[in-house]
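*Asks:* Everything below, folded, please.
(4 chains)
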Number of protein chains: 2
Amino acid sequence: MTPRKIPQSNLYLREEELRRGIELLYFAYRDFTRDPDEILAKSRFGRAHHRVLYFVGRSPGITVSGLLSILRITKQSLSRVLGELVEQSYIRQETGTEDRRQRLLYLTDKGEAFERQLFASQRDRVARAYKVAGPEAVAGFWEVLLNIVDDDERDSVLKHIEK
Amino acid sequence: MTPRKIPQSNLYLREEELRRGIELLYFAYRDFTRDPDEILAKSRFGRAHHRVLYFVGRSPGITVSGLLSILRITKQSLSRVLGELVEQSYIRQETGTEDRRQRLLYLTDKGEAFERQLFASQRDRVARAYKVAGPEAVAGFWEVLLNIVDDDERDSVLKHIEK
DNA sequence: CATATATGTCAACAACACTGACATATGCCG
DNA sequence: CGGCATATGTCAGTGTTGTTGACATATATG
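*Replies:* Numbers count the residues shown, from 1 in each chain, chains lettered A, B, ... in the order given. Take a look at the predicted model:
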């Protein structure tokens, strides 16, 4: 009951709550990626291809460097994955109109169909979670995740999700 | 204004909301893993070692198969990582008392110190996010994540986080 | 024209996952 | 006790995804 004990107890509680968030993030992400992974395993693509299809589908006409700053990988890594998707006609490239150095990326019909299939596998899981938890929980879910993102990335994430 | 248009509009809204969750999960996870990755890069360990240290620290005396079902990787994959941690005295193994086939895993003092350093790097990020978002948002964050987890895994996750 | 930027490419390498096959120690059941 | 199951360990080969470093080409910009 000394004053010193109170902050210590709060710190302990705090750590438990923080670990709970860390673990839930880990477990949810672990299961959340399994749905598309199973579909991808049947093709010769992997998770990296999925991410490219996802973000090109989400931002048609995105440039290579735009994609790089979302994915935060090197251009050499992206190049391999993107090259395979282009070569197999899931993605097409157009030379930029304003800046002809840029390559603007778009999903082809084939790519769009595949992306929708991959999305569908995650959609059901997330939709169920939203439904069970309810709209207020969902708002909290978004709010906390947004604040976990790097401070200097938050604006760019907001631009993405508020489209 | 025909009845047909209403469900279509709802579906569209729904998809936007689902994609928002998917993207926030992606971006938050991307940044959330960067803190420990930077520390790990200075050692000769990687993200896989971190996960093992984390869950052994969280459940002292966990068995190898217990760890395998949390990590959902093969024993061959775990073996390499765990072997390195044991060999460098971050983790020690004890033969199970009830079942002598089991190897019970514990962090050494060295392992505990390293785990706390890794945890600290994520703690600040999550603590700030909790603080900015507020307690109700945090409850929603937990609730949605828990429901994103596989149905048949939810009990085991609950057992974990409610310790 | 000179420099910067956007993109592409080659090569070597590392982390982390997988499959398949086999080995050892221990528990448990009839 | 003998036989089968389980917990763990190990060897070998492979694939995906990331890295660094070096260099090339086309285009923009001052």
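*Asks:* quick one: which helix or strand includes the residue positioned nearest the centre of chain A?
*Replies:* The centre of chain A sits closest to A:R51, judged by C-alpha atoms, centre = their mean, with a distance of 7.1 Å. Element membership of A:R51 [criterion: DSSP states H and E] is helix A:47-58.
*Asks:* Residues of chain A that sit close to DNA strand D?
*Replies:* Residues of chain A lying close to DNA strand D (C-beta under 7 Å from any atom of the strand) are A:44-49, A:51, A:71-74, A:76-77, A:80-81, A:98-101. In this view, the C-beta of every residue, glycine as well, is placed from N, C-alpha and C.
*Asks:* what's the nearest residue to the residue nearest to the centre of chain A if we skip its chain neighbours?
*Replies:* Once flanking residues are discounted, A:R51 sits nearest to A:L71: 6.0 Å by C-beta to C-beta, 6 or more residues apart in numbering or on different chains.
*Asks:* distance of the residue nearest to the centre of chain A from B:G57?
*Replies:* Distance from A:R51 to B:G57, counting by C-beta to C-beta, to the nearest Å: 30 Å.
*Asks:* Also A:D99?
*Replies:* Separation of A:D99 from B:G57 (C-beta to C-beta) stands at 50 Å.
*Asks:* all helices of chain A, in order?
*Replies:* When assigned using DSSP state H, the helices of chain A occupy the ranges A:5-32, A:34-42, A:47-58, A:64-71, A:75-87, A:109-133, A:135-148, A:154-161.
*Asks:* Worst mean pLDDT among those?
*Replies:* Note on the helices of chain A: lowest mean pLDDT is at helix A:5-32, with a mean of 84.
*Asks:* So for A:E162, what pLDDT did the model give?
*Replies:* Taking A:E162 on its own, its pLDDT is 84.
*Asks:* can you pull the contacts of it?
*Replies:* A:E162 makes contact with no residue, according to C-beta atoms under 8 Å, 6 or more residues apart in numbering or on different chains.
*Asks:* what's the residue in chain A positioned nearest to chain B in contact with, if anything?
*Replies:* As assessed by C-beta to the nearest C-beta, chain B sits closest to A:G140 within chain A, at 2.5 Å. Shown in contact with A:G140 (C-beta under 8 Å, 6+ apart): B:133, B:136-141, B:143-144.
*Asks:* you'd agree A:E136 is up against B:E143?
*Replies:* No. Taking contacts as C-beta atoms under 8 Å, A:E136 lies outside contact range of B:E143: 9.3 Å.
*Asks:* For chain A, what lies in contact range of DNA strand C?
*Replies:* Chain A comes close to DNA strand C at residues A:63-65, A:68, A:75-76, A:79, A:82-83, A:93, A:96, A:99, A:101-103, as judged by C-beta under 7 Å from any atom of the strand.
*Asks:* Just among these, which is most surrounded?
*Replies:* Neighbour counts for those (other C-beta atoms under 10 Å in any protein chain shown) peak at A:L82, which has 22 neighbours.
*Asks:* what's it in contact with, if anything?
*Replies:* A:L82 is in contact with A:52, A:64, A:67, A:91, A:105, counting by C-beta under 8 Å, 6+ apart.
*Asks:* List buried residues within those.
*Replies:* Neighbour counting over those (16 or more other C-beta atoms under 10 Å in any protein chain shown) leaves A:52, A:64, A:67, A:91, A:105 as the buried ones.
*Asks:* State the distance from the third one to B:D31.
*Replies:* Pointing back at A:L67 there. Counting by C-beta to C-beta, the gap from A:L67 to B:D31 is 17 Å.
*Asks:* just to revisit the earlier point, list the buried residues of the helix holding A:R51.
*Replies:* So, applying 16+ other C-beta under 10 Å, buried residues of helix A:47-58: A:48-58.
*Asks:* Now the residue of chain A closest to chain B: closest residue in space that isn't a chain neighbour?
*Replies:* The shortest distance from A:G140 to any residue that is not its chain neighbour, by C-beta to C-beta, 6+ apart, is 2.5 Å, and that residue is B:G140.
*Asks:* A:I70 reaches A:F55, doesn't it?
*Replies:* Yes. A:I70 is within contact range of A:F55, at 5.4 Å (criterion: C-beta under 8 Å).
*Asks:* ok, back up a step: now do the helix holding A:R51: everything it contacts.
*Replies:* Taking C-beta under 8 Å, 6+ apart as the rule, helix A:47-58 contacts A:33, A:36-37, A:40, A:62, A:67, A:70-71, A:73, A:77-78, A:81-82, A:84-85, A:90-91, A:105-107, A:111-112, A:114-115, A:118-119, A:160, A:163, B:19, B:22-23, B:26.
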